[in-house]
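J.: got a structure for you, letters missing:
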DNA sequence: AGCACA
């Protein structure tokens, strides 16, 4: 407690590994800091563009003596330290380390990752999202999807500045109630930056939108009249047929690999793609055929059957909403057999002509094959929850939303959020070499085989010892 | 030209 408070500036400073640099050009980048400082020692951290004018920086040396040598050098040098011709003033920082709490999601970019908490999918339409975020600038693209963290949207702006404005205004706020269905009473927005810079939207749909291209086709599956999932008499969703089957694997005592599934499902026709993932602790797989009829046959034949003897790895099949999977060509959890030599490919390849994928990884390069939209994501579901002021819609007043586009599109997208596939996978604890033992065939009791179906599906030899062939369901 | 709020 001093009577006059802290002095504004300290003229005698205790040395620190961290140096405070002032009067930098605001354009100064980390590389320039490093160029300036590295003759004096090893730089372990930097922080530039600090302060209201973004003209200050911090540099942390590995060793205190290195910092001292730099300060001493310029204290007696006739040539001042300079960056871009500007004299830079160097002093010891009053802290002893640079704290960089920037998580990847805090690194600004032009694409926001928005997690909408407390809502069901469908409660917040893409048009509402568009409306809300258009208050800050032209929204180029939106892609929505479901993940463990909840309902999420990627929102692409022109630049990081616009995205930041939107984030700063909307993060931790709520979408105004009047834009939401009545039963929704909370709608928290958690916003971070995505690492993506350009989303690849393939269709206009209720899940994805490209406002830069109003001529983008509406998801063709919508034309077939598949609109909202209809409810059957039992109240369960009545599924539309699809060329892609969703297989849930029950009682998974043995590993179910891509190869195993391929063998099993190939009995009915060409398998184009497979993706294995986990959902709610259960292993599931998507299996893509070229057309619905094959999928229908496979579904009928395999439903309720077990891959292995003894009731292990029982299959439950339904039709997926997807029509074309967007999967890694070759990984332990997915395979794209439509790619000539998938084993040589590491990067994901977009759909064949006429085999549309709704949207896919915009990021080329080998880093992530079939990358997902999780990158900037990892949206901290563990953020402490705190009360959130509703977002004030009046902030939009006087500002016309940018880029209106037809606000509704019929039908639904079958966009494959590859993230659901690629990030949801977790390793299975089993590595059984047991071959699959599924006996495709419609009538389980009779063991009657369907025409053209091999009598038994054994990719790698006979049944495991002690495991008699099991046809049960 | 004077200490970081992401």
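T.: Sure, I can see it. Since we're looking at a predicted model, the values are computed, not measured.

J.: low-confidence ranges in chain A?
T.: Scanning chain A for pLDDT under 70 picks out the ranges A:1-11, A:101, A:220-239, A:341-473.

J.: what sits against the residue of it found nearest DNA strand B?
T.: Residue nearest to DNA strand B within chain A (CB to the nearest atom of the strand): residue A:95, separated by 2.9 Å. Every C-beta, even on glycine, is put in place using the N, C-alpha and C of the backbone. The contact partners of residue A:95, by CB atoms under 8 Å, 6 or more residues apart in numbering, come to A:16, A:18.

J.: Residue A:306 touches residue A:312, doesn't it?
T.: Yes: counting by CB atoms under 8 Å, residue A:312 is a contact partner of residue A:306 at 5.9 Å.

J.: how's chain A carved up into domains?
T.: Here the domain parsing of chain A from the TED database is A:18-92, A:111-220, A:244-336.

J.: Could you export those domains as TSV, including distance to residue A:102 and mean neighbour count?
T.: Listed next are the domains of chain A as TSV, based on distance: least, CB to CB, whole Å; neighbours: other CB atoms under 10 Å:
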stretch	distance to residue A:102	mean neighbour count
domain A:18-92	9	16
domain A:111-220	10	20
domain A:244-336	29	21
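
J.: Can I get the ones you listed in JSON lines including distance to residue A:103?
T.: Listed next are these as JSON lines, based on distance: least, CB to CB, whole Å:
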{"stretch": "domain A:18-92", "distance to residue A:103": "15"}
{"stretch": "domain A:111-220", "distance to residue A:103": "8"}
{"stretch": "domain A:244-336", "distance to residue A:103": "25"}
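
J.: Columns distance to DNA strand B on top of those, output as CSV?
T.: Formatted as CSV, the domains of chain A follow (distance: least, CB to the nearest atom of the strand, whole Å):
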stretch, distance to DNA strand B
domain A:18-92, 4
domain A:111-220, 8
domain A:244-336, 31
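
J.: The helix or strand hosting residue A:90: partners in the sheet, and parallel or antiparallel?
T.: Element membership for residue A:90 (DSSP states H and E) is strand A:89-92. Strand A:89-92 has its sheet partners listed here by DSSP bridges as strand A:18-22 (antiparallel).

J.: Need the residues touching each of residue A:306 and residue A:312.
T.: Counting by CB under 8 Å, 6+ apart, the residues touching both residue A:306 and residue A:312 are residue A:251.

J.: With the flanking residues excluded, which residue is spatially nearest to residue A:137?
T.: In this structure, residue A:137 finds its nearest non-sequential neighbour in residue A:162, 3.7 Å apart by CB to CB, 6 or more residues apart in numbering.

J.: Help me confirm that the one you found comes into contact with residue A:134.
T.: No: counting by CB under 8 Å, residue A:162 stays clear of residue A:134, with 10.5 Å between them.

J.: Give the bridge partners for residue A:90, please.
T.: Here residue A:90, judged by DSSP bridges, has bridge partners residue A:21.

J.: Now do whichever strand or helix holds the residue nearest to residue A:137: which elements does it pack against?
T.: Per DSSP H and E, residue A:162 falls inside helix A:160-170. The contact analysis (3 or more CB pairs under 8 Å, 6 or more residues apart in numbering; DSSP states H and E) places helix A:160-170 against strand A:111-117, helix A:126-134, strand A:150-157, strand A:188-193.

J.: residue contacts, the closest residue to residue A:65 other than its chain neighbours?
T.: Excluding the flanking residues, the one nearest residue A:65 by CB to CB, 6+ apart is residue A:41, at 7.5 Å. Counting by CB under 8 Å, 6+ apart, residue A:41 touches A:61, A:62, A:63, A:65, A:66, A:67, A:69, A:70.

J.: at 7 Å what do you get?
T.: A:61, A:62, A:63, A:66, A:69 (CB atoms under 7 Å, 6 or more residues apart in numbering).

J.: between those, which is nearest residue A:299?
T.: Nearest to residue A:299 among the contacts of residue A:41: residue A:62, at 61.9 Å, using CB to CB.

J.: Test my guess that that closest one contacts residue A:40.
T.: No: Residue A:62 is beyond contact range of residue A:40, at 10.7 Å (criterion: CB atoms under 7 Å).

J.: and the angle for the lengthiest helix in chain A with strand A:18-22?
T.: Identified as the longest helix of chain A according to DSSP state H is helix A:64-76. With axes from the mean of the first three to the mean of the last three CA atoms, to 10 degrees applied, the angle from helix A:64-76 to strand A:18-22 works out at 30 degrees.

J.: Given whatever helix or strand comes next after helix A:64-76, what are its sheet partners and their directions?
T.: The helix or strand immediately downstream of helix A:64-76 is strand A:82-83, counting by DSSP H and E. Sheet partners assigned to strand A:82-83 using DSSP bridges are listed as strand A:86-87 (antiparallel).
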